[in-house]
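Novice: Okay, sequence plus prediction incoming.
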Amino acid sequence: MNIENLTSQEVEQLQMLLNKLNPQPVIDASPDYIDEMIVEILDEFDFNTVESTMNRLGWKWWGENVTINMLKHEARRLLRGAAKDRLGIHKDEHWEIPMTHNTGGLHAQAFCNKDKTKIIALNLKFVLTEWDSEIED
């Protein structure tokens, strides 16, 4: 079949038929449900303890003492970025692997469903210290 001889309407019809044969999952990255999860995290996360801990340790961001507003702003940015990347540039990774964005002690993760079409969970942590080790097979 030579598609060069088809009219634009015939090409559109052919594309529609091909799409029906190989449907692509619809990615629901709706800001509404992601924003709802982020708002819940920002409302419930203990930013007071994080701010107090960082300031007692002399931990500064951009040369300034960390404030709750700074923490919330950065947490929102990290959570949105992790959600966007999990359904975007890291969509091909196994669905059980979360996308992680972190900086300055904040650690945000986004988890997707098996079809990799929707964020099903977001997680925010404040990590003061961490270490791991593994044995190679």
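Specialist: Alright, I've got the coordinates.
Novice: Going along the chain, name the strands of this structure.
Specialist: All strands of the chain, identified by DSSP state E, fall at 60-61, 64-65, 99-103, 106-112, 119-126.
Novice: quick one: which of those strands is nearest Thr53?
Specialist: Thr53 lies closest to strand 119-126 among the strands of the chain, at 7.6 Å (Cβ to Cβ). Placement of C-beta: from N, CA and C, glycine included.
Novice: That closest one pairs with which strands?
Specialist: The pairing partners recorded for strand 119-126 under DSSP bridges are strand 106-112 (antiparallel).
Novice: In CSV, could you pull the C-alpha coordinates for the partner strand?
Specialist: C-alpha atoms of strand 106-112 as CSV (Å, rounded to 0.1, in the frame of the first residue of the first chain):
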residue,chain,number,x,y,z
LEU,A,106,13.7,17.0,51.5
HIS,A,107,13.0,13.8,49.7
ALA,A,108,9.8,13.5,47.5
GLN,A,109,8.6,10.4,45.8
ALA,A,110,5.8,9.7,43.3
PHE,A,111,4.3,6.2,42.7
CYS,A,112,2.2,5.3,39.7
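Novice: how much does that strand deviate in direction from strand 99-103?
Specialist: Angle, strand 106-112 to strand 99-103, by axes from the mean of the first three to the mean of the last three Cα atoms, to 10 degrees: 170 degrees.
Novice: Can you give the distance of strand 106-112 from its chain's centre?
Specialist: Relative to the chain's own centre, strand 106-112 is displaced by 6 Å; criterion: Cα atoms, centre = their mean, to the nearest Å.
Novice: mind listing the helices in this structure by residue range?
Specialist: Here the chain has its helices, by DSSP state H, at 8-21, 31-44, 47-56, 68-87.
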